[in-house]
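1. Can you look at this prediction? I've put the sequence above it.
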Amino acid sequence: MYVCQLTINCLQDIELSSAQSVIAKLLDEYRYNGQIIGREFPIIFNGEFFEVIFVCPEQDSLSERYNNEAVNEAFENLSLQGLSLPEFEVKGLESHSDFTDLCHEPTALVIYSTFVQSCSPVRCLEHFSPVPLYKLPEQTRKSLVKWQESYGACDQLQMNEVQQIEQGAVQQLSESNSDLMLQAQKLADDIEANLKTPVYRYLYRVGGDSLAEEQARKCPSCHGEWLLEQPLHDLFDFKCDACGLLSNISWDWQ
């Protein structure tokens, strides 16, 4: 991913709060369209112009060809408020981030996230690299961002061992029919129908009584065999093509 800077000039006098509001709206729409990554973007005012620093999946993520209608409407609102259209500059590679997937047509995808992940929650299954949301069906993009927020919240709660709600959080992450996983199933179905590409869901796994029992687990949906001969990406020990599910041997037994 890449660190980018957005600059917006003031073309006429404007209330600071009004300018910040329309710029924040543009950033929201960019985020929901997958063109910028993250949740908080400080808006810096330097007297005559505003600057924002953020991360993009690719060097050309802010190209107009990726804009959706909501982004273009946010552009129009900038002009109506007396602000210039944004100017963009790529500052450099974000060295701590995952590299965006380069496949033009991935053979399979997986919906996967963690509480520390800020990149796209959809990854190429071959390379396990994130796929920018603006390359996925438009009707799924904002929902994927919201799903990732919910997933991250549940993952954070179970990692922090908040005892009174930890069990419920783990159930959301690990049960194929939980509300969170059913939302992922709907998103997977929409992406698969549009791109004609298989889309898997990842089921988190923790607990269990022994390594042997873990290895003998069946697919929780169809109860078929799904243990892989070798782990996929050193993460997925189980894969069910019929149900579109991936999982791991319990972290307690690795």
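-> That came through, no problem.
2. Can you pull out the low-pLDDT segments for the stretch 51-200 of the chain?
-> For the stretch 51-200 of the chain, no stretch has pLDDT under 70.
3. can you pull out the strands in this structure?
-> Counting by DSSP state E, the chain has strands at residues 2-9, 43-45, 49-56, 87-93, 109-111, 122-124, 199-203, 227-232, 236-240, 245-247.
4. Output those strands in a markdown table; the columns should cover mean neighbour count and distance to Gln171.
-> Every C-beta, even on glycine, is put in place using the N, C-alpha and C of the backbone. Below are the strands of the chain laid out as a markdown table (neighbours: other CB atoms under 10 Å; distance: least, CB to CB, whole Å):
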| stretch | mean neighbour count | distance to Gln171 |
| --- | --- | --- |
| strand 2-9 | 18 | 37 |
| strand 43-45 | 14 | 39 |
| strand 49-56 | 18 | 32 |
| strand 87-93 | 12 | 39 |
| strand 109-111 | 25 | 18 |
| strand 122-124 | 24 | 23 |
| strand 199-203 | 23 | 11 |
| strand 227-232 | 11 | 23 |
| strand 236-240 | 21 | 18 |
| strand 245-247 | 23 | 14 |
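5. Compute the number of surrounding residues for the residue lying closest to Glu94 once chain neighbours are set aside.
-> The shortest distance from Glu94 to any non-neighbouring residue, by CB to CB, 6 or more residues apart in numbering, is to Met1 (4.6 Å). By other CB atoms under 10 Å, the residues close to Met1 number 24.
6. and Met1, what does it touch?
-> The contact partners of Met1, by CB atoms under 8 Å, 6 or more residues apart in numbering, come to 37, 55-58, 93-94, 97-100, 119.
7. repeat for Ser176
-> By CB under 8 Å, 6+ apart, the neighbours of Ser176 are 201, 203, 220-221, 243, 245.
8. and Ser143, how many neighbours does it have?
-> Ser143: 16 neighbours (other CB under 10 Å).
9. roughly how far apart are it and Tyr32?
-> 9 Å (CB to CB, to the nearest Å).
10. do the same with Asp155
-> 21 Å.
11. Tell me the spacing between Lys85 and Val71.
-> Actually, residue 85 is Leu rather than Lys. Per CB to CB, Leu85 is found 12 Å from Val71.
12. related to what we said a few turns ago, tell me which of the strands of the chain approaches Glu64 most closely.
-> If you check each of these against Glu64 by CB to CB, strand 87-93 wins as the nearest, at 10.6 Å.
13. Parallel or antiparallel, which strands does the closest one pair with?
-> strand 2-9 (antiparallel) (DSSP bridges).
14. where's Lys239 relative to Asn33, distance?
-> According to CB to CB, Lys239 stands 31 Å off from Asn33.
15. what does Gln139 give?
-> Gln139 is 12 Å from Asn33, by CB to CB.
16. So for those two, which residue has more residues nearby?
-> Taking other CB under 10 Å, Gln139 and Asn33 do not tie; Asn33 has more neighbours (22 against 11).
17. Am I right that that one is in contact with Asn72?
-> No: applying CB atoms under 8 Å as the test, Asn33 and Asn72 come out as separate, 10.4 Å apart.
18. Which one of Leu85 and Val71 is surrounded by more residues?
-> Val71 (20 against 11).
19. which ones are touching that one?
-> Val71 touches 26, 29-30, 33, 35, counting by CB under 8 Å, 6+ apart.
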